[in-house]
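Student: Quick one, structure for this:
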Amino acid sequence: MKKQLLLISTLITFLASAQNNEALQREFERQNKENSEKFDSYISKQYGSGEKNTEVQKEIEEKRSRLGGFQPNGKPFFLQPHDIDQIKNSNSDFIQNGTVSGLTGSFNGENIKFTIFDGGEIANSGRVFAEHEFFSNLPNRISNKEASTMNYGGHATSVAGFIGAKPYIQSVTFTNGTTKVINFQGIAKNSTIDSYAFATTVLPGSTSTSTIFQKILTAQPKISNHSYGTNPGWDLQTINGANAWVWNGEFTSPATSYDIQGTYFTTDQNYDQIVYTNPSYVIVKSAGNSYGFGPTYPGTSAFPKYYIDSNDNPVPFAATDTMPAANCVSGYDCIGVGSLAKNIIVVGATDIITANAGRYTTATDVIHSNYSSAGPRDDGGIKPDITAVGTSVGSASTAENTTGSQGITVNSGTSFSGPVVTGIIGLWTQINKQLFGGTELNAASAKTLMIHSAQEAGNIGPDPHFGWGFIDAKKGAELLVGKSNNTILFNDETLTSGTPNKKRVIASGSEPLKVTISWVDPAYAVPADLTFQTAHNNRASKLVNDLDVRIIDTTTNMSYEPWKLNALSPMTPAIKGDNTVDNVEQVIIPTPAASREYRIEITNKGSLVNGTGANAPQNYAILVSGYTQVLSTGEAERQHDGIAVIPAVTKDIVTILKAPKKSTYAVYDMSGKKLQNGIIISDRESLDLSSYAKGIYIIEIKTETIHISKKVIKD
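Tutor: Numbers count the residues shown, from 1 in each chain. The predicted structure follows:
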């Protein structure tokens, strides 16, 4: 079976007034205390109130440390471990090797810190083995934040390796006799990593326990990886010493069952609240590995099947019972709670691309890994957000004790595709800092860049297996270069309720006109009295602020709408229409008319609010590509629409026509390097390009009210 890490998290009443980290810490402390009291009642009921021997006490304390919360029927949930291809498939090597046009030097995570929250296969494990050979290229690369008495975690060490292992080539022989040479290098080999366990523990310097949510606030991570999740459907467990299928939802004999696969839950609410309060936090999370789990899973027909009764005891299904269907039996709806939040990035897994020397060339190159949990959220929200390679990939490992060991592993899971995405976002952040004066990507801009640059996979448009597609590190880097030389628009903006934001662009006609927006949405308040029946397949939208983006053809007045999934039939290819469930919207015109003007409009439904429900503007990130120039929107500025640069192809001289006097111009090469600049003093301003090499150049014209970029070709 594929390995995975699942987290079952806390059920609480939403504290709508939490608008800062101090308030969130108090709320998470309250959750921890409440769950601890409920756990004590559970233990008393399960084990009795009498004296307990050492083994029983050890078992109880292990459960306490991995307690995540309680289902709608009051049953506890526990944290439980289940279990150089990724570099090349994702085109990360172009960034690592410094071969992206327009960038200076290579990017391997220098001065980028990641934070991982992870675990291990045994109790009291989760620290990364910092002394592993894979992290020895620089001093102090791994900082463990848990007590030194905690065991190292094999899984945590693997995750850290995918993010930041140094180059290490090893020939690996598999149990079937085949041999493969693997370069175990991670995405960001010169980065640093802070390591926390996802289990509830007492952190050094503290006297009380901290849950995963409290640890996130303590760590204040800019980019964090969370390779754990939930499996609230069928799960493989050991019952009476034997493998068995256990239904984690609710079941009433003979045929009534409910589950919270696909359900936006209080766990998701907590993640959303953390990011809304801290919009600079980029949280990357695995989608889970439970696709196809259940009685019909190949090779497991003889396994006994159980459900859990109201006393938390396993009960065999009767021969006359109709058992719940396997997870994602229809191809969708098996992502667990905690991996359905709006403001985080959820990652699915794909098989290694072996054709085309490991390079993506077409959507059919990308194969959904047969274990990778599929979305969408029950309201139709697109999850996972993205996919990356996660199957048969190699990384570091270690013995799970306080000594550690120099191990390696080749394994599979969204636990491993997740840190690939985490590492790439770190490299993009490093590039952004170089190009834009140390500025970092935030949660909205990182997701916007990732989705806009994604390669198509699966159905055209987003789908439940691949989300928005397959990650492309190189394309994301190229878009950042495009922002630096003004060939794409990539901004953080603010929308005031009821006041549309508009942009006018001239389409190039040589590529799709494409607009992507994303915003950090206030957390949806999950009802405190939620039951399995009301939670199961609840289609109500979990959006709080519903932003809309449209592209309007100003010649035909045709309006182009964003992608959306059908919540009732999500395997049907996505359509274009009014999206009321996603805090990402993308509009594409595949073949816009060349040199035609299009208007981009960002609006909202209802009233925009903040996390307390008070009226407030909404920040968002926007990325636009496929245009030759951005025009001003005001009527008084339309007189400048006639600005032109001629000829489009030249051997030496180009002329700027009809630009306002005293406006400025600049000439850039495609790397973003400024070659010349000056002030326009006449209606015909001539520029000499004769000394430049053949290629494409950007002529930028600016005033206080307009900003236009034109491409010219030096022949």
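
Student: The longest helix seen in the chain - contacts with which helices or strands?
Tutor: The single longest helix within the chain, with elements called by DSSP state H, is helix 21-47. Helices and strands touching helix 21-47, by 3 or more Cβ pairs under 8 Å, 6 or more residues apart in numbering; DSSP states H and E, are helix 54-65, strand 67-70, strand 76-78, strand 209-210, helix 212-219, helix 266-277. Every residue, glycine included, has its C-beta placed from N, CA and C.

Student: which of these has the lowest average pLDDT?
Tutor: Lowest mean pLDDT within the helices and strands packed on helix 21-47: strand 76-78, at a mean of 67.

Student: all helices for this structure, in order.
Tutor: Using DSSP H, helices in the chain cover 21-47, 54-65, 85-89, 92-96, 154-164, 212-219, 266-277, 414-435, 443-453, 473-484, 532-535.

Student: can you state the direction angle for the first one and helix 266-277?
Tutor: The reference is to helix 21-47. Angle of helix 21-47 versus helix 266-277, following axes from the mean of the first three to the mean of the last three Cα atoms, to 10 degrees, is 170 degrees.

Student: what's the model's confidence in helix 21-47, averaged?
Tutor: Mean predicted lDDT for helix 21-47 stands at 81.

Student: Mind listing what's buried along it?
Tutor: 24-25, 27-29, 31-32, 34-35, 38-39, 42-43 (16 or more other Cβ atoms under 10 Å).

Student: Tell me which of the helices of the chain sits most buried.
Tutor: Greatest average neighbour count among the helices of the chain goes to helix 154-164 (a mean of 31), per mean count of other Cβ atoms under 10 Å.

Student: Let me know the angle separating that one from helix 414-435.
Tutor: 30 degrees.

Student: what's the distance between helix 154-164 and the middle of its chain?
Tutor: Helix 154-164 sits 18 Å away from the centroid of its parent chain (Cα atoms, centre = their mean, to the nearest Å).

Student: same thing with stretch 209-227?
Tutor: Going by Cα atoms, centre = their mean, where stretch 209-227 is centred and where its chain is centred differ by 16 Å.

Student: Just the endpoints, please. Distance across it?
Tutor: With Cα to Cα, to the nearest Å applied, stretch 209-227 spans 21 Å between its terminal residues.

Student: returning to what we had before: just send the helices of the chain back as a markdown table, with distance to Arg504 too.
Tutor: Shown next, in a markdown table, are the helices of the chain (distance: least, Cβ to Cβ, whole Å):
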| stretch | distance to Arg504 |
| --- | --- |
| helix 21-47 | 40 |
| helix 54-65 | 57 |
| helix 85-89 | 38 |
| helix 92-96 | 33 |
| helix 154-164 | 42 |
| helix 212-219 | 41 |
| helix 266-277 | 32 |
| helix 414-435 | 26 |
| helix 443-453 | 20 |
| helix 473-484 | 19 |
| helix 532-535 | 45 |
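
Student: How far does the longest helix of the chain sit from its chain's centre?
Tutor: Distance, centroid of helix 21-47 to centroid of chain: 29 Å (Cα atoms, centre = their mean).

Student: For Asp553, find the nearest of the helices of the chain.
Tutor: Distance to Asp553, taken as Cβ to Cβ, is lowest for helix 443-453 among these, at 21.0 Å.

Student: wait, isn't Ile308 in contact with Pro316?
Tutor: No: Ile308 sits out of contact with Pro316 when judged by Cβ atoms under 8 Å, with a separation of 11.5 Å.

Student: Good, we can wrap up now.
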